[in-house]
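K.L.:
sequence unavailable; structure follows:
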């Protein structure tokens with residue numbers, strides 16, 4: 001909104017500096033807007049590619065959740081055994097084992113965080129490819145149907161149904177991009193600064209929703 005307002009102010013200023021006849025002549029050269037509408041939320045929900053990406057994400061998420069559950073069980077057992085040895089072991093020996101256990105717990109928490117970040121990045125990359133294709137297909141369909149402006153459904157309170165090009169965009173999207181490759185999260189690089197992938201993960205081009213997260217580990221009791 002700020003950018004649009006600033007552009008309007010600049011345009012008004014330029015118009016005031018021009019002769020009235022020149023300003024009107026320039027205005028006549030701009031085509032009248034013909035608005036089309038695309039429901040991007042529906043495209044992300046119903047497109048074949050997006051469904052496939054979500055399915056792949058859930059497969060990895062389920063695997064990670066099982067791994068986390070197994071490790072949490074082992075850590076809980078180890079913590080119980082350590083607690084039982086408190087009155088048996090020499091204080092320095094017990095302290096050493098307790099410190100080692102805390103280190104192991106921290107490493108486990110770091111592994112969970114790493115897996116989540118890798119999964120999020122792989123998911124975002126796949127959804128960005130879908131978002132880019134949605135943009136391209138929307139431009140093609142709008143040109144075919146005589147629209148020179150396209151807005152997303154959630155930007156509008158109401159509109160004439162004749163402006164909606166979601167269905168033809170969805171059909172063309174499914175033809176153009178039925179599937180998207182989902183990168184194995186384990187193969188994604190970790191940068192020296194700790195970020196995942198080619199720089200820190202960014203927001204997807206079209207809102208895909210959050211990735212399924214494995215349960216956050218708490219200190220076993």
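P.N.:
Nice, I can see it. Note that the structure is predicted; figures quoted are calculated from it, not measured.
K.L.:
and the nearest residue to residue 85 once chain neighbours are set aside, what element?
P.N.:
With sequence-adjacent residues excluded and distances taken as C-beta to C-beta, 6 or more residues apart in numbering, residue 85 is closest to residue 94, at 6.6 Å. C-beta coordinates here come from the backbone N, C-alpha and C atoms, glycine included. Here residue 94 sits within helix 91-144, counting by DSSP states H and E.
K.L.:
residues contacting whatever helix or strand comes next after that helix, please?
P.N.:
Following helix 91-144 in sequence order, the next helix or strand is strand 149-152 (DSSP H and E). With contacts defined as C-beta atoms under 8 Å, 6 or more residues apart in numbering, strand 149-152 is touched by 33, 34, 35, 36, 37, 38, 39, 40, 138, 139, 142, 165.
K.L.:
who wins on neighbours among those?
P.N.:
Using other C-beta atoms under 10 Å as the neighbour criterion, residue 38 leads the contacts of strand 149-152 with 26 neighbours.
K.L.:
quickly list what that one is bridged to.
P.N.:
Using DSSP bridges, the bridge partners assigned to residue 38 are residue 152.
K.L.:
which residues sit in contact with it?
P.N.:
Per C-beta under 8 Å, 6+ apart, neighbours of residue 38: 134, 138, 150, 151, 152, 153, 164, 165, 166, 169.
K.L.:
whichever of these end up buried, select them in PyMOL.
P.N.:
Buried residues within the contacts of residue 38, by 16 or more other C-beta atoms under 10 Å, are selected in PyMOL with:
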select buried, resi 134+138+150+152+165+166+169
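K.L.:
now render the contacts of residue 38 as JSON lines, adding distance to residue 77 and pLDDT.
P.N.:
JSON lines is the format used below for these (distance: C-beta to C-beta, whole Å; pLDDT from 0 to 100):
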{"residue": "134", "distance to residue 77": "49", "pLDDT": "96"}
{"residue": "138", "distance to residue 77": "55", "pLDDT": "96"}
{"residue": "150", "distance to residue 77": "58", "pLDDT": "92"}
{"residue": "151", "distance to residue 77": "57", "pLDDT": "93"}
{"residue": "152", "distance to residue 77": "51", "pLDDT": "92"}
{"residue": "153", "distance to residue 77": "52", "pLDDT": "93"}
{"residue": "164", "distance to residue 77": "58", "pLDDT": "94"}
{"residue": "165", "distance to residue 77": "58", "pLDDT": "95"}
{"residue": "166", "distance to residue 77": "53", "pLDDT": "96"}
{"residue": "169", "distance to residue 77": "54", "pLDDT": "97"}
